[in-house]
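**Student:** no letters, just coordinates:
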């Protein structure tokens, strides 16, 4: 034998059979746990063990029909496929009672009651006093015939015979009694710990409730249930991190629990906005259930917008809108996504649909504002913008934002009088809004109403001293309108202090110092303006340089 040779000892048939038997027993236990707990992890484990048992010993008939039942539950095979597995089992062991019972059950699912009767009859004949289960299945078939009015008097008598005899013989059916006792014991424990925890919750004894649920988790097989209860309790106590962890554990135990997935997605989306990818995964998993798809796509659209993923956001909102085209919120969100993608014609179409559906006057007014802004700023269609803004104001006369946008529209068209009136109307609606006074002050300045403009800017500053634009504009009125350069300096400095990157305020302060005659200060602020303007590009660089040159000419 060379060094590279590998010796593989032979495996005896006895060893193979022992391994197959062990795998089958492990599969039975997992199968039993699944029937009690209804957890996907038990289902997967049972399937894996049955498959391994068949590989270890393909002659064990029990593995085939049991595996078929679980694969059918999981949706991996059809009823016809399950029947084929039963045929294989019966070929290997024609007298296997359970194979006949499973075959009869699958025939019932397939709608072939005659064949099902034959299978159950074979099981009954071969079971003797342990035939409770096939007798009860037989009675169920006969009851279906009675309900469908396809039975005879003989069928009624047979139903009574099989039902009563099966009910009486159940006491000799050891597997059924064993399973029933396990169900009963588990259900009693679950009920006890669940009730105890809920009682403590009602009494606001939250630590005691959590302790009861923890013990229920340890003592019963319903981990999914108790993790959910602990998650709900932690959420109520505002312990969001713990709540999320409990729901994650519940999800790990049973990924097919839709309620847990909804809670995970909602908590993540609400409290952990940075975990967008994880939340998207949860919503994508929810799509597999095929329920409330439009709502899920709607939420996905918002998540994709948060990620600035415009293409996926549009796609998600579009799917939601196609599923429910009469939902105004879907149309509005789709329009907004189109705006983000700079597809303005599409945005206009869906904003118009949302406005037409008009679920609420106040909400629809906001949509009108968004649509009017596209007409004004993107399409330069001032007539359409004005009509849309006015429609929004009719819907909600208290919408100050839309009034200000209408005033801005008039300013853009140099219709100063209508702009002033619109801004003043906004002040009447919301007299404590600093922005309304700031815009009014600017419009009054354009009309050379200097005193009124000063009053408006002062009012804006009184309401919000940190609004640098009003500080700067008030300085401009004093500098260029009243001619009081010294008074203007204070306001330009205030604007710069509030916003150190405010290029125009540096420029205006430099102009004020130039007029006052403080050339060095003027030069210093012109230079600051020049430096900032390289970044902001708000002003003409040549003009700034010329002013610096003129200072020392």
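**Tutor:** On my side now, so go ahead. Keep in mind that this is a model prediction, so the values were computed, not measured. Numbers count the residues shown, from 1 in each chain.
**Student:** mind listing what's buried in the strand or helix carrying residue 54?
**Tutor:** According to DSSP states H and E, residue 54 maps onto helix 40-56. For helix 40-56, the neighbour count (16 or more other C-beta atoms under 10 Å) marks 40-43, 45-47, 49-50, 52-54, 56 as buried. All C-beta atoms are positioned from the backbone trio N, CA, C, and that covers glycine.
**Student:** wait, which of the residues you listed is closest to residue 219?
**Tutor:** Residue 219 has its nearest neighbour among these in residue 42, at 17.6 Å by C-beta to C-beta.
**Student:** can you get me a residue count around residue 87?
**Tutor:** When neighbours are defined as other C-beta atoms under 10 Å, residue 87 has 14 of them.
**Student:** for residue 495, same thing?
**Tutor:** For residue 495, the count of nearby residues is 25 (other C-beta under 10 Å).
**Student:** quick one: pLDDT of it?
**Tutor:** Residue 495 carries a pLDDT score of 96 in this model.
**Student:** quick check, it in contact with residue 466.
**Tutor:** No - look at residue 495 against residue 466 with C-beta atoms under 8 Å: they stay out of range, at 10.2 Å.
**Student:** any idea of the mean pLDDT for stretch 124-140?
**Tutor:** 70.
**Student:** end to end, how far does that stretch reach?
**Tutor:** 14 Å (C-alpha to C-alpha, to the nearest Å).
**Student:** show me the shaky parts of the stretch 101-250 of the chain.
**Tutor:** 128-132, 149-151, 155, 162, 165-191, 221 (pLDDT under 70).
**Student:** quick one: residues contacting residue 373.
**Tutor:** Residues in contact with residue 373, defined by C-beta atoms under 8 Å, 6 or more residues apart in numbering, are 385, 405.
**Student:** quick one, phi/psi of it?
**Tutor:** Backbone torsions of residue 373, given as degrees, to the nearest 10, read phi -60, psi -40.
**Student:** how much space separates it from residue 408?
**Tutor:** Distance, residue 373 to residue 408, by C-beta to C-beta, to the nearest Å: 10 Å.
**Student:** one more: residue 87?
**Tutor:** Note on residue 87: its distance to residue 408, by C-beta to C-beta, is 79 Å.
**Student:** and residue 430, by the same measure?
**Tutor:** Per C-beta to C-beta, residue 430 is found 16 Å from residue 408.
**Student:** who has more neighbours, the two?
**Tutor:** A count of neighbours by other C-beta under 10 Å puts residue 408 above the other of residue 430 and residue 408, at 21 against 15.
**Student:** residues touching the more buried one, list them.
**Tutor:** Residues counted as contacts of residue 408 (C-beta under 8 Å, 6+ apart) are 376, 419, 439.
**Student:** I'd like those as CSV, with pLDDT appended.
**Tutor:** Formatted as CSV, the contacts of residue 408 follow (pLDDT from 0 to 100):
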residue, pLDDT
376, 96
419, 96
439, 97
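**Student:** just those residues: which are in helices?
**Tutor:** If you go by DSSP state H, the contacts of residue 408 have 419, 439 in helices.
**Student:** with distance to residue 136 added, can I get the contacts of residue 408 in a markdown table?
**Tutor:** What follows is the contacts of residue 408, written out as a markdown table (distance: C-beta to C-beta, whole Å):
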| residue | distance to residue 136 |
| --- | --- |
| 376 | 75 |
| 419 | 85 |
| 439 | 81 |
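**Student:** residue 445: which of the contacts of residue 408 is nearest?
**Tutor:** Once C-beta to C-beta is applied, the member of the contacts of residue 408 that ends up nearest residue 445 is residue 439, at 10.7 Å.
**Student:** wait, isn't that closest one in contact with residue 404?
**Tutor:** Yes - Residue 439 lies in contact with residue 404 (C-beta under 8 Å); the separation is 6.0 Å.
**Student:** neighbour count: the two, which is higher?
**Tutor:** For residue 439 versus residue 404, neighbours defined as other C-beta under 10 Å are more numerous around residue 439 (26 against 22).
**Student:** low pLDDT regions in the stretch 451-553 of the chain?
**Tutor:** Short version for the stretch 451-553 of the chain, where the test is pLDDT under 70: none.
**Student:** got the residue ranges for the helices in it?
**Tutor:** 468-476, 485-498, 503-516, 519-536, 541-551 (DSSP state H, counting those that start in this stretch).
**Student:** helices or strands next to the second one in the packing?
**Tutor:** Spelled out, it's helix 485-498. Judged by 3 or more C-beta pairs under 8 Å, 6 or more residues apart in numbering; DSSP states H and E, helix 485-498 is in contact with helix 468-476, helix 503-516.
**Student:** check these for me and report the most buried one.
**Tutor:** Mean neighbour count, computed with mean count of other C-beta atoms under 10 Å, is highest for helix 468-476 among these, reaching a mean of 25.
**Student:** could you give the mean pLDDT of the helix holding residue 54?
**Tutor:** 78.
**Student:** kindly check the end-to-end length of stretch 48-66 for me.
**Tutor:** 12 Å.
**Student:** quick one: contacts of that stretch?
**Tutor:** Contacts with stretch 48-66, where a contact means C-beta under 8 Å, 6+ apart, come from 16-17, 19-21, 23-24, 26-28, 30-31, 46, 67, 70, 82, 85-86, 88-90, 92-93, 96, 98-99, 102-103.
**Student:** pull the distance from it to the chain's centre.
**Tutor:** 41 Å (C-alpha atoms, centre = their mean, to the nearest Å).
**Student:** what does stretch 258-269 give?
**Tutor:** With C-alpha atoms, centre = their mean as the basis, stretch 258-269 stands 7 Å off its chain's centre.
**Student:** same check on stretch 147-163?
**Tutor:** Counting by C-alpha atoms, centre = their mean, stretch 147-163 comes out at 52 Å from the chain centroid.
**Student:** what is the neighbour count of residue 158?
**Tutor:** Using other C-beta under 10 Å, residue 158 has 18 neighbouring residues.
**Student:** my guess is it contacts residue 142. True?
**Tutor:** Yes - if you go by C-beta under 8 Å, residue 158 and residue 142 touch, sitting 5.6 Å apart.
**Student:** so what's residue 417 up against?
**Tutor:** The contact partners of residue 417, by C-beta under 8 Å, 6+ apart, come to residue 447.
**Student:** ok, 7 Å please
**Tutor:** Residues counted as contacts of residue 417 (C-beta atoms under 7 Å, 6 or more residues apart in numbering): none.
**Student:** how about the one 10 residues further on?
**Tutor:** Listed by C-beta under 7 Å, 6+ apart, the contact partners of residue 427 are 436-437, 440.
**Student:** state the distance from it to residue 351.
**Tutor:** Taking C-beta to C-beta, one finds residue 427 at 28 Å from residue 351.
**Student:** ok, now residue 211?
**Tutor:** The spacing between residue 211 and residue 351, counted by C-beta to C-beta, is 54 Å.
**Student:** more crowded one of these two?
**Tutor:** For the pair residue 211 and residue 351, the greater number of neighbours falls to residue 351 (26 against 15), based on other C-beta under 10 Å.
**Student:** surely the more buried one touches residue 335?
**Tutor:** Yes - judged on C-beta atoms under 7 Å, residue 351 makes contact with residue 335 at a distance of 4.3 Å.
**Student:** overlap in contacts of these two?
**Tutor:** With contacts taken as C-beta under 7 Å, 6+ apart, residue 351 and residue 335 have no neighbour in common.
**Student:** excluding its backbone neighbours, what's nearest residue 252?
**Tutor:** Spatial nearest neighbour of residue 252, chain neighbours left out: residue 41 (7.6 Å); criterion: C-beta to C-beta, 6 or more residues apart in numbering.
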